[in-house]
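[1] I need the structure of the sequence given here:
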Amino acid sequence: MSEVSGRITEISGWTVRARAEVPLTMREVVLVGPERLIGEVVTLEQHEATIQVYEETAGVAPGDPLVATGEPLSIELGPGLLGGVFDGVQRPLAALAAAEGDFIARGRRLPALDREKLWDFQPKVVVGADVVPGTILGSIAETTAIVHPILVPPGVTGRVMSIAPAGPRRLTDVIAEIDSGKKVNILTMLQRWRARAPRQIAERLGPDAPLITGQRVLDTFFPLARGGTAAMPGGFGTGKTITQHQLCRWAEADVIVFVGCGERGNEIAQLVRELPQLVDPRTKRTLAERSVLIANTSNMPVSAREASLFTGVTIGEYYRDLGYHVLLLADSISRWAEALREISGRLGEMPAEEGYPPYLSSALASFYERAGRVKTLSGAGGSLTIITAISPPAGDLTEPVTRHAQRFVRTFWTLDRQLAAARVFPAVSTRQSYGDASLLPLEWATLRSEAMAFLEESARIDETARLVGIESLPDREQFLLRLADAFQEGFLQQNAYDEVDSFCTPARQLKLLEAFMRARREGLQQIESGTPLTIDFAALQRMKNDVASSQLPVADEPSSNREPATGNPS
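    Alright, predicted model coming up:
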């Protein structure tokens, strides 16, 4: 790998062209210049290769050497990912900062996973056992919340010749030898997988249940299937980051993968500091013990930003294959699409709408399609749910990234700027959002339909009231408008910083919805029977206080408070 494989002929930003002296392959990782900057081959034409470099190319000159690695961009998988902070190509930022300081020199790389850390390995098979891909060889306790099974990797079948006894083991220590008949496979706890290739599964399953988030407006009106995909477009200041923090804490998922893709450096730095310190409601410890953070700021090379989504989804698929329910949040795919646009422009490709490359839609599809609920090779059930934030310019929902994302997601949470300005959070628009309502139980779905009709009617009345004044409206319309205000404050609005209101169980959501819809039905009956309308503002305030103080019954505990897994996940 140290022999020179070619010479640089042209540099344009993070795009480099080289004349290859040995055969190269598409998507092969190469090392560029004397500092060995990591790059990836993106086009080949006879002996000319175009490479996108994942680091700053200042100082690289024509004639500098190019070294081929013979491998595609691959991700290290194994114990030690949880709690880690990596960049877009999985360099461990904490380890590099400890070795280099606050400013990491170009070309500096360290293994993504600690090779020296000892893990308490517990074998699960015996010598002579027949194994197939997905068979559990043993397990280790990666954190207090997650038991990490060590599986036979895809492509390996045979008989166990040796298995490591119980005790401390390093990632690269041999834990098993598998005789396949043609060769002996030496297995460790460390795996590598191509970032852009989906991992193998036994069967893809259909959605069967909603992902409970504890956020009333999402769970009740716009549910997301476990193993589904969702997009959350919103302009600056509409609460995307806080909503994602809430989803990280409360969503019914075992493992969280957060991809900070192209956001401002100070925002990512704040996220790196604060997100791991959030208290996990399940274990009462830090959320870092079951989360992985991919951090790629807007001032980093755009090619690394483009790779960061696939780094995150590969890690998510790995934990899904271990039998866990994984939630991947990406903030934001707009910045990722901008990276695609810049790379495409430097490659001289023909631009499509708004300068984005013609393959924007297929690139989004290759990412979203990796979500799903599956039967893994081990026979266990697992899922990967993907939620992406979108930052449309000026809040324009017709721009290409938002429009193409809508083609591949079944849940769409639109964050409304007017609601955010009125300090209504989560600022989810009930008129511009949609979800998979077929996942809801019949009673819940019936109440949801009634509430949606109520909100739609009250929105039309509000438009009229803005023209003629609320006092000019008939009693029926005045009543619905006042009740809609109470519904917004008591149900749709939710305080992320309140100990009680931060999470709402499904049973409590249903009770609240029943209470408001009963008030609507009984109020309309009274008005239709001739009872004059008198707005009792004190009663309305008492109703809001009852909701805020959680005086309505709570029928169950949050699902996130269930006991952590202690054995083989299923």
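[2] domain ranges for the protein, per the record?
    What the record gives for the chain is the domain set 6-73, 119-192, 201-435, 442-548, from automatic domain parsing.
[3] hey, where'd the strands end up in the stretch 1-150 of the chain?
    With DSSP state E, counting those that start in this stretch as the definition, the stretch 1-150 of the chain shows strands at residue ranges 6-12, 15-20, 28-32, 37-45, 48-53, 65-72, 74-77, 85-86, 119-123, 130-131, 136-141, 147-151.
[4] relative to residue 173, which of the ones you listed is closest?
    Evaluated over the strands of the stretch 1-150 of the chain, closeness to residue 173 peaks at strand 119-123, with 8.3 Å, by CB to CB. (C-beta placed from N, C-alpha, C; glycine too.)
[5] what's the average pLDDT for stretch 17-37?
    Here stretch 17-37 scores 92 as its mean pLDDT.
[6] strands of the stretch 351-500 of the chain, start to end?
    Using DSSP E, counting those that start in this stretch, strands in the stretch 351-500 of the chain cover 372-375, 381-390, 411-412.
[7] helices or strands up against the first one?
    For strand 372-375, the packing partners by 3 or more CB pairs under 8 Å, 6 or more residues apart in numbering; DSSP states H and E come out as strand 203-205, strand 381-390.
[8] give me the helices and strands touching the shortest one, please.
    If I follow you right, that is strand 203-205. strand 372-375.
[9] how about 10 Å then?
    Contacts defined by 3 or more CB pairs under 10 Å, 6 or more residues apart in numbering; DSSP states H and E place strand 203-205 against strand 372-375, strand 381-390.
[10] give me whichever of the ones you listed is most buried.
    Neighbour counts (mean count of other CB atoms under 10 Å) averaged over each of the helices and strands packed on strand 203-205 peak at strand 381-390, with a mean of 26.
[11] ok now that one, how far from the chain's centre?
    Distance of strand 381-390 from the chain centroid (CA atoms, centre = their mean, to the nearest Å) equals 5 Å.
[12] cool, stretch 466-481 as well?
    43 Å.
[13] give me the contacts around that stretch.
    Contacts with stretch 466-481, where a contact means CB atoms under 10 Å, 6 or more residues apart in numbering, come from 454-455, 457-462, 464-465, 482, 487, 519-520, 523-524, 526-528, 530-535.
[14] one step back: among the helices and strands packed on strand 203-205, which is nearest residue 85?
    strand 381-390 (19.1 Å).
[15] just the C-alphas of the closest one, formatted as CSV.
    Provided in CSV are the C-alpha atoms of strand 381-390 (Å, rounded to 0.1, in the frame of the first residue of the first chain):
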residue,chain,number,x,y,z
GLY,A,381,-36.1,-8.9,14.9
GLY,A,382,-34.6,-5.5,14.5
SER,A,383,-35.4,-2.1,13.0
LEU,A,384,-33.8,1.0,11.7
THR,A,385,-36.0,4.2,11.8
ILE,A,386,-34.7,7.3,9.9
ILE,A,387,-35.7,10.8,10.7
THR,A,388,-34.2,13.6,8.7
ALA,A,389,-34.3,17.3,9.3
ILE,A,390,-34.6,19.6,6.2
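[16] partner strands of it, with direction?
    strand 229-233 (parallel), strand 325-331 (parallel), strand 372-375 (antiparallel) (DSSP bridges).
[17] as CSV, these with distance to residue 313 and mean pLDDT would be great.
    CSV is the format used below for the strands paired with strand 381-390 (distance: least, CB to CB, whole Å; pLDDT from 0 to 100):
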stretch, distance to residue 313, mean pLDDT
strand 229-233, 11, 96
strand 325-331, 6, 95
strand 372-375, 11, 96
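[18] I'd like those strands as a markdown table, with distance to residue 200 appended.
    Below are the strands paired with strand 381-390 laid out as a markdown table (distance: least, CB to CB, whole Å):
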| stretch | distance to residue 200 |
| --- | --- |
| strand 229-233 | 20 |
| strand 325-331 | 16 |
| strand 372-375 | 10 |
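[19] out of those, nearest to residue 161?
    Per CB to CB, nearest to residue 161 of these: strand 372-375, 28.6 Å.
[20] which residues are in contact with residue 91?
    Taking CB under 10 Å, 6+ apart, we find residue 91 in contact with 38, 54-55, 85, 104, 108-112, 304.
[21] can you list the helices and strands packed on strand 203-205 in TSV and add distance to residue 288?
    TSV is the format used below for these (distance: least, CB to CB, whole Å):
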stretch	distance to residue 288
strand 372-375	26
strand 381-390	19
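[22] thank you kindly, that will do.
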